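**Q** here is the input, now give the coordinates:
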Amino acid sequence: MKHAWERGSCRLRSGLMALLLTTAGTAMTAPALAGNYLERDDVRVFVDQAVEQTGVPRAQVEQWIGGAEYQQKIIDAITRPAESKTWGEYRPIFLTDQRIQGGVAFMREHAELLETIEETYGVSPAVITAIIGVETYYGRITGGYRVIDALATLGFDYPRRAEFFRGQMIDFIRLAGEEDLQMDKAEGSYAGAMGMPQFIPSSYRHYAVDGDGDGRRDLWENHHDIFASVANYFVEHGWGQGEPVMFQVDANGAEIDDLLNRARDLAPKTTLGELRERGVTVPENAPIPEDFKVMLFTLTDGDRVEHHVGMNNFYVITRYNHSVLYASAVWQLAQAIEARLDDGAGNGG
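**A** Got it, this is the predicted structure:
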């Protein structure tokens, strides 16, 4: 007869063994099952929804989704995005001398077209260039994943955001017909973002522009479409031509924790007047009135914590990517490119 502690130990070992076998079985079979998506009940339900919502023939939808392949690298990438870093880690990725020089060369190469876009939309060439510089290094790195694989992997095997990516799959299926995309060949990021400006399918459908009037919206090769689409995205989200974007303030121990914008709570919610009342030192030459709504956020580099305020245009940049790190990098890169252009420097990429 076993003692209670021995019986408990045996049960514990048995439980652990069962768990290990189950986990091992899942690890070995999940990718294989995911590679045969049409064998899954949840995917067949999705196919029904896709056919009903898009009007695309069932055989075509099944061909596309049946050809999708699970990619573990996509799951790995989305669980450790760059935006989870601190500013001290994030800034050196995008604000390098090479990327600034590349931006100068890119702006010079496309100066006439960028000026035309600015006249039409009111978005500066430097901001459009910086978006493309941060997103794809001026078109050099547009992503090496098939979009259909990215959306299937995240829509069917990433429960945390499955609903969102299944919605993107629906838009991608619609987009294939609207823009005559080759679904099985279109490539993008691990999150299914496409082309030089990295538009996800819903943004592609709603904000991309046929800039040159050739009847297609091409975000991979057509610079007129690309620049106009980025500018249109900004305008549709409230960009104000010539308005200020962000500047630094001195919190100096002020009690402002409740006024800080965090994570996805990025809409402007306080004013310079309220910040002054809390003891924040605001530059005397601040480019906005006291009652102008702003967002207050921090940028951390090691032990140093900087406090900044972002105005409406900063908030608009965060609509492109919901991160103050991203918006700060875009704006600082745009400023650095303009400064080097003004100095007459930058003849290479």
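
**Q** which stretches of the stretch 1-150 of the chain aren't confidently modelled?
**A** Flagging of the stretch 1-150 of the chain using pLDDT under 70 yields the residue ranges 1-35.

**Q** Leu113: what's it in contact with?
**A** 223-224, 227 (Cβ atoms under 8 Å, 6 or more residues apart in numbering). The C-beta positions use only the backbone N, C-alpha and C, and glycine is treated the same way.

**Q** for the helix or strand containing it, buried residues please.
**A** When elements are assigned from DSSP states H and E, Leu113 belongs to helix 111-121. For helix 111-121, a neighbour-count test (16 or more other Cβ atoms under 10 Å) marks 113-114, 116-118, 121 as buried.

**Q** quick one: which of the contacts of Leu113 has the most company?
**A** When neighbours are counted by other Cβ atoms under 10 Å, Phe227 leads the contacts of Leu113 with 28 neighbours.

**Q** the residue nearest to that one when sequence neighbours are not counted: what's it in contact with?
**A** Sequence neighbours aside, Ile117 is the residue nearest to Phe227 in space, at 4.6 Å (criterion: Cβ to Cβ, 6 or more residues apart in numbering). Ile117 makes contact with 123, 125, 128, 211, 227-228, 231 under the criterion Cβ under 8 Å, 6+ apart.

**Q** and the furthest pair within these?
**A** By the measure Cβ to Cβ, Pro125 and Gly211 form the most distant pair in the contacts of Ile117, at 14.3 Å.

**Q** tell me the bridge partners for the nearest residue to Met194 once chain neighbours are set aside.
**A** Leaving aside its chain neighbours, Met194 sits nearest to Gly188 (4.1 Å; criterion: Cβ to Cβ, 6+ apart). For Gly188, the beta-bridge partners are Tyr145, Met194 (DSSP bridges).

**Q** thought Gly188 was touching Gly195?
**A** Yes. Contact criterion Cβ atoms under 8 Å: Gly188 and Gly195 qualify, at 7.3 Å.

**Q** what residues are shared contacts of these two?
**A** Common neighbours of Gly188 and Gly195 (Cβ under 8 Å, 6+ apart) are Thr142.

**Q** all strands for the stretch 151-300 of the chain, in order.
**A** Using DSSP state E, counting those that start in this stretch, the strands of the stretch 151-300 of the chain run over 187-188, 246-249, 270-271, 293-301.

**Q** buried deepest among those, which one?
**A** Sort these by mean neighbour count, taking mean count of other Cβ atoms under 10 Å, and strand 187-188 sits at the top with a mean of 22.

**Q** quick one: mean pLDDT over it.
**A** Averaging pLDDT along strand 187-188 gives 94.

**Q** run through who's touching that strand.
**A** Contacts of strand 187-188 (Cβ under 8 Å, 6+ apart): 142-147, 150, 194-195, 198.

**Q** neighbours around Leu151, how many?
**A** Neighbours of Leu151 (other Cβ under 10 Å): 28.

**Q** for Met169, see how far away it is.
**A** 4 Å (Cβ to Cβ, to the nearest Å).

**Q** show me whatever sits in contact with both of those two.
**A** Pro201.

**Q** phi, psi for the nearest residue to Met196 once chain neighbours are set aside please.
**A** Of all residues not flanking Met196 in the chain, Gly139 sits nearest, at 4.5 Å (Cβ to Cβ, 6+ apart). The phi/psi pair for Gly139 (degrees, to the nearest 10) reads phi 90, psi 0.

**Q** any idea how far Gly139 is from Ile78?
**A** Distance of Gly139 to Ile78, given as Cβ to Cβ: 23 Å.

**Q** tell me the contacts of Ile78?
**A** Contacts of Ile78 (Cβ under 8 Å, 6+ apart): 154, 158, 161, 190-191.

**Q** can we see that at 7 Å?
**A** Ile78 makes contact with 154, 158, 190-191, according to Cβ atoms under 7 Å, 6 or more residues apart in numbering.

**Q** circling back to that earlier point, adding distance to Ala105, write the strands of the stretch 151-300 of the chain out as JSON lines.
**A** As requested, the strands of the stretch 151-300 of the chain are exported to JSON lines (distance: least, Cβ to Cβ, whole Å):
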{"stretch": "strand 187-188", "distance to Ala105": "24"}
{"stretch": "strand 246-249", "distance to Ala105": "26"}
{"stretch": "strand 270-271", "distance to Ala105": "40"}
{"stretch": "strand 293-301", "distance to Ala105": "28"}
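
**Q** understood, closing this out.
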